[in-house]
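Q: Curious how this folds, go ahead:
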Amino acid sequence: MQKSTSINYQDIIRQIATLSAVIGAFVVNVVSNISPPNDLSIGEISNTLFANVLIIPANYAFAIWGVIYLGLFVLGIYQFLPKQRQNGYLRKTGYLLVIASVAQIIWVYLFLARLFAFSVVAILLILISLIIAYVRLGIGSKRVSQMKKWCVHFPISIYLGWISVATIVNVASWLYLEKWDGWGISAELWTAMMLLVAFLIAAAIVIQRRDFAYTGVTVWALVAISLKQWDNSLLRNVALILAIALVLMITIKSVRNERTGKLRGK
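A: Numbering: from 1, shown residues only. Now for the predicted structure:
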């Protein structure tokens with residue numbers, strides 16, 4: 001009985017910590033945009049200091065944070081429900097979402113303080129935490145109820161998808177300020193290679209895990225980058241071609257899944 005009560009308290013603490021961390025990250029993000037220190041928001045720093053970083057997407061792309069936080073609120077509330085308290089599946093996340101949210105808060109502070117090297121460390125912590133949660137939950141590789149898919153899988157997939165792209169952008173921005181010469185390779189070519197890396201990761205995920213949410217976020221980012229670099233024919237064409245290829249892969253996978261489902265139904 002005592003052991004059961006102890007476990008119950010641990011679950012309650014985890015639930016409260018997860019929801020609190022999500023709310024805290026959201027509040028910090030909103031405040032940092034409404035009343036940023038040094039009078040420059042994250043977007044304004046990006047558009048000024050990093051105006052020449054070729055892999056940064058068009059401004060509208062960052063509206064995805066609204067979707068990300070909506071998903072995180074859904075996840076936070078869902079896991080907070082009393083009937084989910086001793087859910088073994090949700091226990092697999094442990095405090096990973098708390099770590100990701102706290103690292104998100106730290107990243108905002110570091111980026112606004114223009115401590116960009118440290119901001120890379122913070123965003124890597126977010127990325128690693130989300131990857132571990134993603135793998136532990138078997139997102140895309142294990143069958144779960146529609147409720148878990150909408151309340152757990154999609155929020156983490158979308159968040160991880162954007163952080164995967166954001167990590168590349170963050171590193172590129174830091175290297176730009178450090179005046180890294182790219183080992184003699186042009187910025188255009190480096191950007192094209194990074195777009196290819198993002199594409200290959202998304203392609204592997206849609207093929208192996210059928211995770212359309214993660215891949216869809218990558219498509220969103222690629223299209224936004226192509227629009228931002230519309231006057232640069234190389235980057236525009238590479239980004240658009242890769243985005244179209246991912247859309248085709250998602251479509252083919254969806255059709256195959258639907259056919260497989262119908263055959264099983266028979």
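
Q: When you work out contacts or count neighbours from here on, use the C-alpha atoms and nothing else.
A: Fine.

Q: moving C-terminal of the helix or strand containing residue 101, what's the next helix or strand?
A: Per DSSP states H and E, residue 101 falls inside helix 96-112. Scanning forward in sequence from helix 96-112 by DSSP H and E, the next helix or strand is helix 116-136.

Q: thinking again about what came up before, only the buried residues of the helix holding residue 101, if you could.
A: Across helix 96-112, burial judged by 16 or more other CA atoms under 10 Å covers 96-112.

Q: Tell me, please, where in the protein the pLDDT is lower than the cut-off.
A: Applying pLDDT under 70 to the chain flags residues 1-7, 258-266.

Q: what ranges do the helices span in it?
A: Along the chain, the stretches classed as helices by DSSP state H are 2-34, 42-48, 64-80, 88-91, 96-112, 116-136, 146-148, 154-177, 187-208, 212-228, 233-265.

Q: Throw those into TSV and include distance to residue 57, thanks.
A: As requested, these are exported to TSV (distance: least, CA to CA, whole Å):
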stretch	distance to residue 57
helix 2-34	18
helix 42-48	10
helix 64-80	12
helix 88-91	34
helix 96-112	17
helix 116-136	17
helix 146-148	31
helix 154-177	9
helix 187-208	11
helix 212-228	4
helix 233-265	11
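
Q: Buried deepest among those helices, which one?
A: helix 212-228 (a mean of 23; mean count of other CA atoms under 10 Å).

Q: Could you list every helix and strand in contact with that helix?
A: The contact analysis (3 or more CA pairs under 8 Å, 6 or more residues apart in numbering; DSSP states H and E) places helix 212-228 against helix 154-177, helix 187-208, helix 233-265.

Q: Please produce CSV containing those helices, extended by distance to residue 54.
A: As requested, these are arranged in CSV below (distance: least, CA to CA, whole Å):
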stretch, distance to residue 54
helix 154-177, 9
helix 187-208, 7
helix 233-265, 8
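
Q: elements contacting the helix holding residue 101?
A: Partner elements for helix 96-112 (3+ CA pairs under 8 Å, 6+ apart): helix 2-34, helix 42-48, helix 116-136.
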